[in-house]
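> Compute the structure for the input listed below.
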Amino acid sequence: MRQKAPIFILAICFVTSGAAMGPVLAAKPIERLTAFAVDMSNAAGRTRAGSIDIVIDRWSTDAERDQLRAALREGGPDSLLRALQKIKDPAGYIRSAGSIGYPLRFAREIPTSDGGRRIIIATDRPVSFLEASNQPRTLDYPFMLIDVRLNAKGEGQGKLLPLAKITANEDHVVEIENYASEPVRLTEVKETK
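Alright, predicted model coming up:
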């Protein structure tokens with residue numbers, strides 16, 4: 001069963017002009033988060049849980065955000081995917097225990113009124129050889145999205161959509177469709193040094 005995820009995830013990502021650092025790569029990560037991920041969706045088949053690391057090496061620029069927004073408006077989700085994949089320097093990576101990680105193409109930090117922050121991440125998702133050769137419906141959901149909310153102490157929660165479809169309607173409102181019945185819940189999110 002598919003469920004439309006709230007529009008807020010990428011709407012803020014593509015609309016906000018909040019502060020973002022330039023494309024300078026840090027010698028060491030500028031942000032490192034750990035979280036406990038719980039997947040209770042129908043796509044998993046059973047409840048799965050484990051820790052993940054999200055590492056941000058740089059914040060995406062306003063120019064990158066504008067380029068992605070234009071790609072979606074002018075060419076739809078396929079154009080957005082190509083534009084995302086063309087971003088030269090990854091913003092960071094995500095990995096679970098025992099994995100080497102997967103690059104994150106887009107990451108934005110948005111300050112919140114309570115002194116906390118919201119971190120929005122978008123990337124193309126990994127596609128296995130088996131998935132690519134069998135051509136299931138999941139290939140229609142080529143994006144991975146992450147929305148993390150941290151308080152002023154650097155602690156919080158978030159959501160991860162490992163299989164997402166991003167479209168824009170005729171009014172250019174961004175719509176996000178989650179392949180699974182619900183997002184993966186990110187609990188115990190913490191900044192680490």
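> What score does Ala168 have for pLDDT?
The per-residue pLDDT reported for Ala168 equals 89.
> meant to ask about Pro162
On pLDDT, Pro162 comes in at 91.
> pretty sure it is touching Val184, no?
Yes - proximity of Pro162 to Val184 meets the contact threshold set by Cβ atoms under 8 Å, at 6.4 Å. The C-beta positions use only the backbone N, C-alpha and C, and glycine is treated the same way.
> Tell me the bridge partners for the residue nearest in space to the middle of the chain.
Nearest to the geometric centre of the chain sits Leu145, at 2.6 Å (Cα atoms, centre = their mean). On the basis of DSSP bridges, Leu145 is bridged to Ala122, Leu161.
> In this model Ile176 seems to touch it, though I could be wrong.
Yes - with contacts counted by Cβ under 8 Å, Leu145 reaches Ile176, the gap being 6.8 Å.
> and Glu170, which of the three is it?
coil (DSSP: H, G, I helix; E, B strand; the rest coil).
> So which residues of this structure form strands?
3-5, 31-39, 48-56, 92-96, 102-104, 106-111, 117-124, 143-150, 155-168, 174-178, 184-191 (DSSP state E).
> of all the ones you listed, which lies closest to Pro77?
strand 155-168 (5.5 Å; Cβ to Cβ).
> pLDDT at the residue nearest to the centre of the chain, what is it?
pLDDT, Leu145: 96.
> Ser41 now?
Taking Ser41 on its own, its pLDDT is 78.
> Pull the contacting residues for it.
Contact analysis of Ser41 by Cβ atoms under 8 Å, 6 or more residues apart in numbering lists 180-184.
> That one and Arg82, how far apart?
Going from Ser41 to Arg82 by Cβ to Cβ, to the nearest Å gives 28 Å.
> what's the answer for Ser99, then?
Counting by Cβ to Cβ, the gap from Ser99 to Arg82 is 26 Å.
> My guess is Arg82 contacts Ala71. True?
Yes - here Arg82 lies in contact with Ala71, judged by Cβ under 8 Å, at a distance of 7.2 Å.
> Between the two, which is the more surrounded one?
Ala71 (19 against 12; other Cβ atoms under 10 Å).
> which residues touch that one?
Contacts of Ala71 by Cβ under 8 Å, 6+ apart are 79-80, 82-84.
> any idea which of those residues is the one closest to Arg125?
Using Cβ to Cβ, the contacts of Ala71 come closest to Arg125 at Leu84, 10.5 Å.
> ok, how many other residues are close to His172?
Counted with other Cβ under 10 Å, His172 comes out at 11.
> wait, doesn't it sit right on Ala70?
No - His172 is not in contact with Ala70 according to Cβ under 8 Å; the separation is 10.6 Å.
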